[in-house]
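In: next one to model:
(chains A and B)
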Amino acid sequence: MFDVAYATQGGSRESLRGELVRKVADVLHSRHADNLGAILQMAAIPRRDVDAAFDHDGALFIAVVTTIAERMLAPLAERPTGASFHPQLVAFARQATEGFSGLQLGNLYRIAVANEFGTHAIRAEFYRHGPARVRDELARFMSFATSHGFGPGMDCRRAAVHFLSLLRTYWDLADVSVANAHSHIDDDLDWMVEVFLSGIESRADDASLTHHALG
Amino acid sequence: MLPSLTTHWVDRAATAFRAAVDTWIAPAREPSSIAIDANGSPITIEAATWFVCFVPGLRRQWWHAFADGRHKHVFALRPLDDGTWLLMEPWWTRMMVNVLTLEQAIKFLRWGGMGDVLKVRERIPGRGSQMRGWANCSVLVSYMLGRSYWTWTPNGLYRRLTDEPDVEHVDVAGFLRRHMLSESQRHSRAALAWMPKRRDASLRDVLLELGTAVVAAMTSRSGIGLHRAAVTEIARDPAVAGAYRAAAPEQAVEKTRKLLAAAKWRGEIDTDDCALSARRFMAMLRGHLHMEIALGLRESPSYSEIRDHVTSVVDVFLRGVHHPRMARVHPAPAEPPHAAELPAQGLIREIGESVRELARADDWEAVAALAEALWSDYVGCTGLSWQQASGRIRRAWEASPAAMEAFPGVRMRDPLPFGACGETSC
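Out: I've put the predicted structure just below:
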């Protein structure tokens, strides 16, 4: 019934979804986009469009977080070589840091934490398509590099979590004042990636870390 | 045969009769073994203070036509010792008595803020009566508070309570900010109370202990409750979230910064910016774990899980900040200070000349901060009490009158007063 209704208007459910996701993703950059009602109002999206395009409100947000994750992961699309591994990580770091420094992702996660879109299952899907997907893809990228002799010397999933955490240094859901404060973004991401890579190296002198007495 | 049978039945009847009489006139055996207080209760509980909320309706009900415009309904809630709240809300169909998280309680308090909130102390044993009759929300809340008011409307109860001398009006927004601050401070103090006790503790050991304490606190039920409350309140009242940040995460960052500053001063790590490194360490501690719990996707981790995560974080972090390749060029040391007595000079002599590599000798703020970092965090190792440490900073500051003349109008950093150190037990 739905498809017929939209097909007659020359559109499809997919195209309507794409349009709504784009509008909502844009509006999420606003400071006041902290709940679905406000978002729909700011984006001038009729409620019936959301109902028509998505099975539930959560599905709209899941589609948005999926889009953001895909954009973030774009630099990792190509399989790394020894030469490209570091620059790809830097490019990914730049994409991710830009995402974490704005309001868009923060607003989206705040809505999720505030239980705005419902059940445990929907929140789990949101997590799976957003942060978990980025982590897993990054881990896969690192794992490929490791298998070819130039990746991290530790559990890649764990390394991916550490790297993403470093990129979220200034990301605080309980603070909107730091969002868009680009002065906080590391201007030397290349150096930060170096620090991270040296951190995840397995070193023969690891034991020395335990011998720096404080006294 | 017959007489003996008769005697047997008579005896049995008499025994049964005596037992019945004993049961009737004597107190029951089990209750008599329980001590009771003057009110006949097995325990004595201090009268609690409730936030009684007189609110407009959230959904239209037929009886709203008969109630005051702002006071259509009444319920009560109060904070418990562990950061949760107890709610008592009479429904038409049931009595809702539930323990709420702070985040949930805030929703009810915000609803209360749409009407009026009174702070009322309950009375024990009270003067209410079960014979009171029709039990609507006003009657039940009045009964719960131990009052005997003959009123059937929320507004009627509101007027009666406001006539009481010790009942206070509550400014919900102000209360929430203060409450968030005090709860976050309490939470933070508990997490950061740990101090290195061993003189030979390595930086790794210190960060492991601190990290474990911080992750345990941030992923605990109360820690997650505070975080969620701050996140959900940020749009309505950023000051509530600000109170949380200042009292909880920022304290942990500052504690880590001091540890790293001291380690850098001793040459154990190589990092340009201890504040940024501390922030990175905290971000790594949060990892994905915190987000998963905040989204309600998993329970708080076990101790071994926390320890495993923190160990990995500390090792990666230390390799990163310690790696020789990562050594960056430090800013050129400042010109040696003029021979004139500067306020930081005395302190530099106390904490070591090598501090000049970290701070300019005429930068009182920086030198005093380094002294604080060194002494306040290592009281257990150095044997200095916080009183001694802050006393030395104060004496160094006071012994430099020339500095005050050298910088007229510039207010020098006033050392913390004795006992102001919130991190140690002094």
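In: what helix or strand does the closest residue to chain A within chain B sit in?
Out: Chain B approaches chain A most closely through residue B:320 (3.3 Å), counting by Cβ to the nearest Cβ. (Each C-beta comes from the backbone N, C-alpha and C, glycine too.) Using DSSP states H and E, residue B:320 sits in helix B:303-322.
In: how about residues contacting that helix?
Out: A:154, A:158-159, A:162, A:195-196, A:198-201, A:203, A:206, A:209, B:203-204, B:207-208, B:211-212, B:215-216, B:219, B:260, B:268-271, B:277, B:280-281, B:284-285, B:287, B:289, B:301, B:326 (Cβ atoms under 8 Å, 6 or more residues apart in numbering or on different chains).
In: in helices, which of those residues fall?
Out: A:158-159, A:162, A:195-196, A:198-199, B:203-204, B:207-208, B:211-212, B:215-216, B:260, B:277, B:280-281, B:284-285, B:289 (DSSP state H).
In: can you tell me the closest non-neighbouring residue to residue B:299?
Out: Distances taken as Cβ to Cβ, 6 or more residues apart in numbering or on different chains place residue B:293 nearest to residue B:299, at 7.4 Å, with adjacent residues excluded.
In: how would you label that neighbour: helix, strand or coil?
Out: Classification of residue B:293 by DSSP: H, G, I helix; E, B strand; the rest coil places it in helix.
In: go ahead and confirm it touches residue B:300.
Out: Yes: Residue B:293 is within contact range of residue B:300, at 6.2 Å (criterion: Cβ atoms under 8 Å).
In: filter the ones in helices among the contacts of helix B:303-322 to the buried ones?
Out: A:158-159, A:162, A:195-196, A:198-199, B:203-204, B:207-208, B:211-212, B:215-216, B:260, B:277, B:280-281, B:284-285, B:289 (16 or more other Cβ atoms under 10 Å in any protein chain shown).
In: so for stretch B:305-318, what gets flagged as buried?
Out: B:306, B:307, B:309, B:310, B:312, B:313, B:314, B:315, B:316, B:317, B:318.
In: cool, and stretch A:51-67?
Out: A:52-54, A:57-67.
In: is there proximity between that stretch and chain B?
Out: No: contact of stretch A:51-67 with chain B (Cβ under 8 Å from any Cβ of the partner chain) is absent, the minimum separation being 11.8 Å.
In: output that stretch as PDB, nothing but the C-alphas.
Out: Included here for stretch A:51-67 are C-alpha records, laid out as PDB according to Å, rounded to 0.1, in the frame of the first residue of the first chain:
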ATOM      1  CA  ASP A  51       5.900   6.800   9.500                       C
ATOM      2  CA  ALA A  52       5.800   6.100   5.800                       C
ATOM      3  CA  ALA A  53       9.500   5.700   5.300                       C
ATOM      4  CA  PHE A  54      10.500   3.900   8.500                       C
ATOM      5  CA  ASP A  55       9.000   1.100  10.500                       C
ATOM      6  CA  HIS A  56       9.700   3.100  13.700                       C
ATOM      7  CA  ASP A  57      11.400   6.300  14.800                       C
ATOM      8  CA  GLY A  58      14.500   4.400  15.800                       C
ATOM      9  CA  ALA A  59      15.000   3.200  12.300                       C
ATOM     10  CA  LEU A  60      15.400   6.800  11.100                       C
ATOM     11  CA  PHE A  61      18.200   7.400  13.600                       C
ATOM     12  CA  ILE A  62      19.800   4.000  12.800                       C
ATOM     13  CA  ALA A  63      19.800   5.100   9.100                       C
ATOM     14  CA  VAL A  64      21.500   8.400  10.100                       C
ATOM     15  CA  VAL A  65      24.200   6.800  12.200                       C
ATOM     16  CA  THR A  66      24.800   4.300   9.400                       C
ATOM     17  CA  THR A  67      25.400   7.200   7.000                       C
END
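In: next one: it to chain centre, how far?
Out: 16 Å (Cα atoms, centre = their mean, to the nearest Å).
In: residues touching the closest residue to residue A:124 other than its chain neighbours, list them.
Out: What sits nearest to residue A:124 in space, not counting adjacent residues and going by Cβ to Cβ, 6+ apart, is residue B:297, at 5.6 Å. Contact analysis of residue B:297 by Cβ under 8 Å, 6+ apart lists A:120, A:123, A:124, A:127.
In: quick check: residue B:297 is in a helix.
Out: No: counting by three-state DSSP, one finds residue B:297 to be coil, located in no helix.
In: relative to residue B:216, how far out is it?
Out: Using Cβ to Cβ, to the nearest Å, one gets 19 Å for the distance from residue B:297 to residue B:216.
In: can you check residue B:272 too?
Out: From residue B:272 to residue B:216 the distance is 30 Å (Cβ to Cβ).
In: let's check: the centremost residue of chain A is which one?
Out: residue A:69 (4.5 Å; Cα atoms, centre = their mean).
In: how close does that one get to chain B?
Out: Taking Cβ to the nearest Cβ, to the nearest Å as the criterion, residue A:69 is separated from chain B by 14 Å.
In: just residue A:158 next, same as before
Out: For residue A:158, the distance to chain B - Cβ to the nearest Cβ - is 6 Å.
In: contacts for stretch B:54-66, please.
Out: Under Cβ under 8 Å, 6+ apart, the answer for stretch B:54-66 is B:69-75, B:92, B:111-112, B:114-118, B:153-155, B:157-158.
In: next, the buried residues of it.
Out: Buried residues in stretch B:54-66 (16+ other Cβ under 10 Å): B:54, B:55, B:56.
In: mind listing which of those are in strands?
Out: B:54, B:55 (DSSP state E).
In: got the buried residues of stretch B:54-66 as a markdown table, with distance to residue B:19 and pLDDT columns?
Out: Listed next are these as a markdown table, based on distance: Cβ to Cβ, whole Å; pLDDT from 0 to 100:
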| residue | distance to residue B:19 | pLDDT |
| --- | --- | --- |
| B:54 | 55 | 98 |
| B:55 | 56 | 97 |
| B:56 | 61 | 95 |
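In: residues in contact with the closest residue in space to residue A:92 that isn't next to it in sequence?
Out: Using Cβ to Cβ, 6+ apart and skipping the chain neighbours, the partner closest in space to residue A:92 is residue A:75 (4.4 Å). Counting by Cβ under 8 Å, 6+ apart, residue A:75 touches A:88, A:91, A:92, A:94, A:95.
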